[in-house]
Every structure is written in structure tokens, then in C-alpha cells.
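K.L.:
build me a model from this:
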Amino acid sequence: MIIQRILLRTYRIPYQATFTTAHGSEQWREGVLLEIDMGDGLTGLGEAAPVAAFGGGSAAQALAVARAIAARALGQPLALADRLLAALDYSRPGVSAAACAFDTAIHDIRARQAKLPLAHLLTPEAPASVTVNATIGGLPSEAACESARQAVGLGFGTIKLKVGVAASPQGEIERIKAVRAAIGPDVKLRLDANGAWDAPTAIAILHTFAPYNIELLEQPVPADDLWGMAQVRAASVVPIAADEALTGPEQARQIIQRQAADILVVKPMCAGGIGRAREIAQIGLEAGLGVFVTSTIESGVGVAAALHVAAALPTHALACGLATGALLAGNLLRHALPVRMGRMALPAEHGLGVALDDVQLGRWASPWQEAERI
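P.N.:
Numbers count the residues shown, from 1 in each chain. Okay, the predicted model is just below:
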């Protein structure tokens, strides 16, 4: 199979409301959609939506990298595109997201060709749905409690609360206490600090968590402070999850070697695609760590890719962070990925199983542009 055409288009979707984390506040989510056309009616979709906090660069940088990859991949077989992705420098801004777009589209094509949903191509025994958590941004305490209650009412059994946003450690603790009271004792509550604290602050706050039954804490310290994260993990009774610190297989090995985390948070968008995300998950599982998959609040194309990766995991003990579509004003899909009673169902169609919605594309995306060969 020879790649005949590669199409690219950018998008800019507003959040339903300002989304705040320890990294700051965002009004929009930007990214790049990609379509690979094999010329025989067989196409594949992918998405590049970089996250600056993960060293991912900007959408403009991802678009430039995607164009460069496309220029070399056009007129070549898919196998060569695989080799092009393997040779990339994933430390450069925009590369991981652009690679994710290509890798997703290639997987989509291969699953369509095999007449299988992508998750079943990866793992024949993949389940029909995946347990997911609700995500609450850095809202004030009262608003966070209301959002948490609404999520529980919709059937979510796990709530993720963004922390590291209060004016003081005591304010942080009061906010956590309020959300726990709002959701009751039986719903799981996990926290995500997005690297907001230094190690001593994280340790001090963690020592107050005992009454609140915290499931896990994501990224308590900055991504480049593995020594500090190892200190936090050693002092904590709450499991520590590596998030921003985890951008590829080599980082996974470093985290394990330094005993800096109990759990790996796998983001295909930040890892560089489905293949590298699965490699990270395998490294973690072989080392005895917990693993779960999350989106980066991208459009439905990227979320669908992450959903298939999550379903293909050999273990599903931890809820995955995929129910993020409602945070945006649109998902660019003709049919949204359904979430019912805290579970996200896999599409039954072959490949990714999603189709783009022309109305939403007209509102939030630029027209398709055909990539050029070298």
C-alpha cells in the first residue's frame, strides 16, 4: 500500500468554561487533524494536539513537523512511514504530537484493512468499554463540589480533582476536604497537582490526606525533579503517579529506576503515538507499576485513539482519564464517544470507529490542505 495523499487542517475549540490547572488557565484547545489517503478508498485519521507543559510545543510547531514528515512519507508504503516515526527526535517541540497523528492514522488504516476495531487489532480480547473518571479543574471549592456531585449523579465512580491552585496549602486541604464530603466516602477521589509543589510542600500536604481516602496523586512536583518525586513517594502513604515526567519509554525506565512513582499515566499524545504509549505501559506493568491511560483534552479523534489503547491494556484496575469531551464546546465528531455510568464504550466500527462532523469543522477548523512532497 502506497500513501497517495496526506491532508492537514488546524482547529481551535473553546472550552465550555475557563479550564484552570497549576499550569495556568486556558480558553481554547488547539490542534491539527491529519488524514492519510491510500488512494483506494482506505483512509486513516489522526490528531496532533501538543501540550506545552509536557514539552510538546505549540500546534503551529506540530503542524510544521507533520508537514515535514508528510513530505517524506508521500508516495511511500506505510512501512516506511513507521521507520520515519522511529527515527524522529522526540525531544523537539511538536514532534511527539505530530508523530501521534501519523501513528494513529496508520493504526486506523491497518485496523480498517483488517476489518477490526483498533482495540481488537491490538488485543483480540479487548473489552467493549473502559472505566473512566470525571475531571474537575481548578475551580473554587463550592463550584468544584457542585461539579463533583453532578459527576457522581451521572454514574462516575472516580473523580479527579486538579490541585495546586489554592492560595495556600491549608486552602488546598480545605478544598479537598469539601469535595470528599460532597461525593461521600465510596466514590474514589484522585488528585492531580500538575507539578505545582516542591518536595517538602508535597510531603507536608500528603500527611494531611489520611481522612480523605485519596486514591492517588499525580505529578506532585515538577517533571524534571525525579529526585524530589522519589522523596515524595518514599514519604507518602498515597500512591504517586508520574504524569508530566513521562514523555516516552526512556523516561518510564528512569522513573522506575529512581523509584519515583507507583503508577504511570500514559498519554498517547505526549508519548508520540499508540505504539510508544503501549511500550510505556508494558514497561510499567513489567516493573509492577499501575498503569492507566488519559487524553490531553484533545478532540474526539485523539480521545478515540487513547480509548483503544486503554481497552488494549491487560489490566483495568484504574479508571482512565478519557471523559474529557464535555470540557470543550465540541469534539469534532459526527457521533460523540458515549459515556454511561462511568464507562466509555468503544466504537463498533472498524479502525478508530469515528467520523468527523462537517458542521463542527466549519465552525472551529480551517479547510483541509494537501501536504506536498519533497
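
K.L.:
how near is residue 147 to residue 325?
P.N.:
Distance from residue 147 to residue 325, counting by Cβ to Cβ, to the nearest Å: 15 Å. (C-beta placed from N, C-alpha, C; glycine too.)

K.L.:
now the strands for the protein?
P.N.:
For the chain, the strands defined by DSSP state E occupy 5-21, 24-37, 43-48, 129-131, 134-136, 158-162, 188-192, 214-218, 240-242, 263-266, 290-293, 339-340, 343-345, 369-370.

K.L.:
could these be laid out in TSV, adding mean pLDDT?
P.N.:
Below are these laid out as TSV (pLDDT from 0 to 100):
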stretch	mean pLDDT
strand 5-21	97
strand 24-37	96
strand 43-48	99
strand 129-131	98
strand 134-136	98
strand 158-162	98
strand 188-192	99
strand 214-218	98
strand 240-242	99
strand 263-266	99
strand 290-293	99
strand 339-340	98
strand 343-345	98
strand 369-370	98
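
K.L.:
grab the most central residue of the protein for me.
P.N.:
residue 295 (2.1 Å; Cα atoms, centre = their mean).

K.L.:
so that residue sits against residue 306, correct?
P.N.:
Yes: assessed by Cβ atoms under 8 Å, residue 295 is found in contact with residue 306 at 5.0 Å.

K.L.:
what touches both of the two?
P.N.:
267, 269, 322 (Cβ atoms under 8 Å, 6 or more residues apart in numbering).

K.L.:
so which of the residues you listed is the closest to residue 38?
P.N.:
The shortest approach to residue 38 among those belongs to residue 269, at 23.9 Å (Cβ to Cβ).

K.L.:
what's the neighbour count on that closest one?
P.N.:
The number of residues packed around residue 269, counting by other Cβ atoms under 10 Å, is 31.

K.L.:
residues contacting it?
P.N.:
47-51, 56, 96-97, 100, 295-296, 298, 302, 306.

K.L.:
hmm, back to that, CSV for the strands of the chain, including mean neighbour count?
P.N.:
What follows is the strands of the chain, written out as CSV (neighbours: other Cβ atoms under 10 Å):
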stretch, mean neighbour count
strand 5-21, 18
strand 24-37, 20
strand 43-48, 27
strand 129-131, 22
strand 134-136, 24
strand 158-162, 25
strand 188-192, 23
strand 214-218, 23
strand 240-242, 26
strand 263-266, 25
strand 290-293, 25
strand 339-340, 15
strand 343-345, 19
strand 369-370, 12
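
K.L.:
now those strands as a markdown table including distance to residue 105?
P.N.:
What follows is the strands of the chain, written out as a markdown table (distance: least, Cβ to Cβ, whole Å):
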| stretch | distance to residue 105 |
| --- | --- |
| strand 5-21 | 9 |
| strand 24-37 | 4 |
| strand 43-48 | 4 |
| strand 129-131 | 22 |
| strand 134-136 | 26 |
| strand 158-162 | 29 |
| strand 188-192 | 29 |
| strand 214-218 | 29 |
| strand 240-242 | 28 |
| strand 263-266 | 20 |
| strand 290-293 | 19 |
| strand 339-340 | 25 |
| strand 343-345 | 21 |
| strand 369-370 | 15 |
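
K.L.:
can you say which of these is nearest to residue 92?
P.N.:
strand 43-48 (13.3 Å).

K.L.:
so what's residue 115 closest to, chain neighbours aside?
P.N.:
Distances taken as Cβ to Cβ, 6 or more residues apart in numbering place residue 350 nearest to residue 115, at 5.4 Å, with adjacent residues excluded.
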